[in-house]
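**Q** starting from these lines, generate the structure:
(chains A and B)
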Amino acid sequence: MRRRTRAAGHALALALAALYSVFPIYFITVQSLKSPQEDVFGSPLWVRHPTFENYQELFAGGEARVRGYVIVPRVPFLGWVANSTIVLAFSVVLTLGAAVPAAYALGRLRPPGWRWWRRALFATYVVPHTILFIPLYQVVIALGLDDSHAALILIYATMALPFCIWILSAYYGHLPREIEESAFVEGATPLVAFLRVVLPMSRHVLVAAGLFTIGTVGQDFMFASIFLLDPGQQTVAAGLGVMDVSLEELVTVAGVNLAAIPVVLLCAVFARGYVRGLTAAMVEGA
Amino acid sequence: MAGRARRITAAYLLLSPALVLMLGVLAYPVGWEVWISVTNFSSRGPGDRAFVGLLNYRAMLHDSEFWRGLVTTVAYLGVTTLAKLALGVPMALLLARPSRWRALVFLAVFLPWAFPGGITVIAWYWMLNPPLVTSYAVALGTLKHAVDVAAGGGAYAFLSVVAFNVWRGSSFTAVFLLAGLNAIPTELFEYARLESSSVWQRFREVTLPLLRPYMALAVFLSFTSAFADLANVWMLTGGRIVFPVLGTQAYWLGIRGGQFAEAAARSLSMVPVLVVALALLFRWFDRREDTVDAAAPTASGRSLGHRAAA
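**A** Residues are numbered from 1 along each chain as shown, chains lettered A, B, ... in the order given. Sure thing, here's the model as predicted:
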């Protein structure tokens, strides 16, 4: 009897956790599937006659459409998605490309003060971003990256790097030395030993670092909307943020959902690797 | 000895791309912010900036608005962080226990974090502040009015940011701590099960201390996301959130008012709080790593140096 109550309690807790996590997304999805009529007269919690017109609107070309008495500008949604993809991909590549050698240096080669280097990098999270974009804009212009994706990629990389270096260096630091030594015995150079042995072993941690970078890039709205003013260069976040939401809130919400789908799928595929990688970095001794 | 020197050189070479990137992007902006905060730089005043020492900070400390902002900011960080832990720790413990639905629930719990926060916040904001025509606009409008009357103007919009940050952050915390739980040897839990029968005691005396370093890391990352979400909503609404938080005050002074010096001082005023948090984090983490290194001397970098010297 007691075991059954406990099992039921466990199931209930699982259901609550799932409900709590999914409900806001369910709510958003319900709204995005509504027609204007149902938006006004329907229920907020379910949709009776789902329609994809809000989604189709995102792909309708042309300059504007007329709805009633208002002219609603159309948006280059596919262009935004392409821009976001570019920014996301290069941010991940740049972050991992800089994090892996740095983490190897700090975790494996351990130069004097390695711990302080790692701390100093992590301490950059203390920097308040509040009005930082004013001097950042000066840097961006000095580098000639005005209205360019490269500006965002550089900024995102600096936001993700400290954590990625932290977990990767923890993992490399805990790996037993014998793992490389067997490769050395066979005559491999340190670089070959790293590429053939250590790097493949750390693939889960790389997945964790990569997903963390994606999460960091995905979290930003502010920098994207400040640094990308040219509509042709905007990412999804920058574009959706400036849509005239009081008229087009359902289309905006549909855009949010649609843009999230590929990221969510990516995360779902790598979710296990993410946890495994974080665990691998946290395990003591390894 | 030559081996050791070569190893150190190699380490710095490998470290350099990351350092160049961090310094190249952040050194000037941070320096600018610190320097501006000790000048009288303002778009209203004379063109040249003069060094005024700690004048801006002193004026700030005498401003009751600043103290209100500081209290709200610290409360915002405290409440969101506690809520993330209060939701994230149980979810992590739940997901650590094997069950038939675990894989599915795990994906569900992962979802809020996987949904890109920068755009989800847009949808979230407009769902909670719907345009007037929407079917539930009246109900939410009434709620908004009640909250704003009870807690002051802008409170409802502010609370919707709190809810968003907690929702997304508890997902991150749960998954992060699940990884932490997996990293703890199961024998420790089994031993604890033999030693004590009370679930609560086991949680307090075994699970919690073992999880503490990971919780510290999750909390620190939660701070950065809390600031990011606040800034996102502020940008999104063109500064319509008027609830007094240090970040918003700095925006108003700097962007709207052109008083860059005061704005810089205000935005830097959170740094001491965060530095203390960081110091605690490092203490928890490095103490653990020191015990690891002592237990496994072969993993220490020195052995390579010795071998190279020999």
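
**Q** could you use CA atoms for every contact and neighbour count after this?
**A** OK.

**Q** host element of A:A268?
**A** In this structure, A:A268 sits in helix A:245-282 according to DSSP states H and E.

**Q** quick one: low-confidence parts of the chain?
**A** I'll assume chain A. A:1, A:62-63, A:67, A:243-247, A:284-286 (pLDDT under 70).

**Q** that was the other one, I meant chain B.
**A** Scanning chain B with the threshold set as pLDDT under 70 gives B:1-2, B:45-47, B:239-242, B:286-310.

**Q** now do the helices for it: every range, in order, please.
**A** Applying DSSP state H to chain B gives helices spanning B:2-36, B:55-61, B:64-96, B:102-114, B:117-128, B:137-151, B:155-183, B:186-195, B:199-202, B:208-236, B:246-251, B:260-268, B:271-295, B:302-309.

**Q** among those, which is the most enclosed?
**A** A comparison of those by mean neighbour count, using mean count of other Cα atoms under 10 Å in any protein chain shown, puts helix B:260-268 on top with a mean of 27.

**Q** please save the CA atoms from it in CSV.
**A** The C-alpha trace of helix B:260-268 is given here as CSV (Å, rounded to 0.1, in the frame of the first residue of the first chain):
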residue,chain,number,x,y,z
PHE,B,260,26.6,58.8,-18.9
ALA,B,261,28.8,59.3,-15.8
GLU,B,262,26.0,58.7,-13.3
ALA,B,263,24.8,55.8,-15.4
ALA,B,264,28.2,54.1,-15.4
ALA,B,265,28.5,54.5,-11.7
ARG,B,266,25.1,53.0,-11.1
SER,B,267,25.7,50.0,-13.4
LEU,B,268,29.0,49.3,-11.7
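
**Q** just checking, what packs against that helix?
**A** If contacts are counted by 3 or more Cα pairs under 8 Å, 6 or more residues apart in numbering or on different chains; DSSP states H and E, helix B:260-268 sits against helix B:2-36, helix B:55-61, helix B:246-251.

**Q** check contacts around the nearest residue to A:W117 once chain neighbours are set aside.
**A** With Cα to Cα, 6 or more residues apart in numbering or on different chains as the criterion, A:W117 has its nearest non-adjacent residue at 7.9 Å, and that residue is A:L106. Contact analysis of A:L106 by Cα atoms under 8 Å, 6 or more residues apart in numbering or on different chains lists A:114-115, A:117-118, A:169, A:173, B:11, B:15.

**Q** try 10 Å
**A** With contact taken as Cα atoms under 10 Å, 6 or more residues apart in numbering or on different chains, A:L106 is in contact with A:100, A:112-118, A:165-166, A:168-170, A:172-173, B:11-12, B:14-15, B:301.

**Q** could I get the helices of chain B as a markdown table with distance to A:G218?
**A** Output for these, formatted as a markdown table (distance: least, Cα to Cα, whole Å):
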| stretch | distance to A:G218 |
| --- | --- |
| helix B:2-36 | 20 |
| helix B:55-61 | 34 |
| helix B:64-96 | 19 |
| helix B:102-114 | 9 |
| helix B:117-128 | 6 |
| helix B:137-151 | 28 |
| helix B:155-183 | 12 |
| helix B:186-195 | 35 |
| helix B:199-202 | 37 |
| helix B:208-236 | 11 |
| helix B:246-251 | 21 |
| helix B:260-268 | 24 |
| helix B:271-295 | 24 |
| helix B:302-309 | 40 |
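
**Q** where do the helices sit along the stretch 101-250 of chain A?
**A** For the stretch 101-250 of chain A, the helices defined by DSSP state H, counting those that start in this stretch occupy A:114-123, A:133-142, A:149-174, A:178-185, A:190-193, A:199-201, A:203-219, A:222-227, A:236-242, A:245-282.

**Q** go through stretch A:43-62 and flag the buried ones.
**A** For stretch A:43-62, burial by neighbour count (16 or more other Cα atoms under 10 Å in any protein chain shown) applies to A:44, A:47, A:53-55, A:57-58.

**Q** closest one to A:L33 among the helices of chain B?
**A** Closest approach to A:L33 among the helices of chain B (Cα to Cα): helix B:117-128, 13.6 Å.

**Q** which strands and helices sit next to that closest one?
**A** Helices and strands touching helix B:117-128, by 3 or more Cα pairs under 10 Å, 6 or more residues apart in numbering or on different chains; DSSP states H and E, are helix A:2-32, helix A:203-219, helix A:236-242, helix A:245-282, helix B:137-151, helix B:155-183, helix B:208-236.

**Q** can I get those helices in TSV with distance to B:L93?
**A** Output for the helices and strands packed on helix B:117-128, formatted as TSV (distance: least, Cα to Cα, whole Å):
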stretch	distance to B:L93
helix A:2-32	11
helix A:203-219	20
helix A:236-242	34
helix A:245-282	14
helix B:137-151	34
helix B:155-183	7
helix B:208-236	11
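
**Q** so which of these gets nearest A:P128?
**A** helix B:208-236 (8.2 Å).

**Q** what about the closest one, near chain A?
**A** Yes. For helix B:208-236, a contact with chain A is found by Cα under 10 Å from any Cα of the partner chain, at B:213-214, B:217, B:220-221, B:223-225, B:227-236.

**Q** that older thread, among the buried residues of stretch A:43-62, which are in helices?
**A** Among the buried residues of stretch A:43-62, the ones falling in helices (DSSP H) are A:53-55, A:57-58.

**Q** of those residues, which is the nearest to A:P262?
**A** A:Y55 (15.1 Å).

**Q** my read: that closest one touches A:L258, true?
**A** Yes. Counting by Cα atoms under 10 Å, A:Y55 does reach A:L258; the two are 7.8 Å apart.

**Q** shared neighbours, these two?
**A** Shared contacts of A:Y55 and A:L258 (Cα under 10 Å, 6+ apart): A:32, A:252.

**Q** okay, now the domains of chain A?
**A** As given by automatic domain parsing, the domain ranges for chain A are A:2-73, A:77-282.

**Q** which non-adjacent residue is nearest residue 108?
**A** All of this refers to chain A. Leaving aside its chain neighbours, A:R108 sits nearest to A:G173 (5.3 Å; criterion: Cα to Cα, 6+ apart).

**Q** not what I meant, chain B
**A** The spatially closest residue to B:A108, leaving aside those adjacent along the chain, is A:A18, at 5.4 Å (Cα to Cα, 6+ apart).
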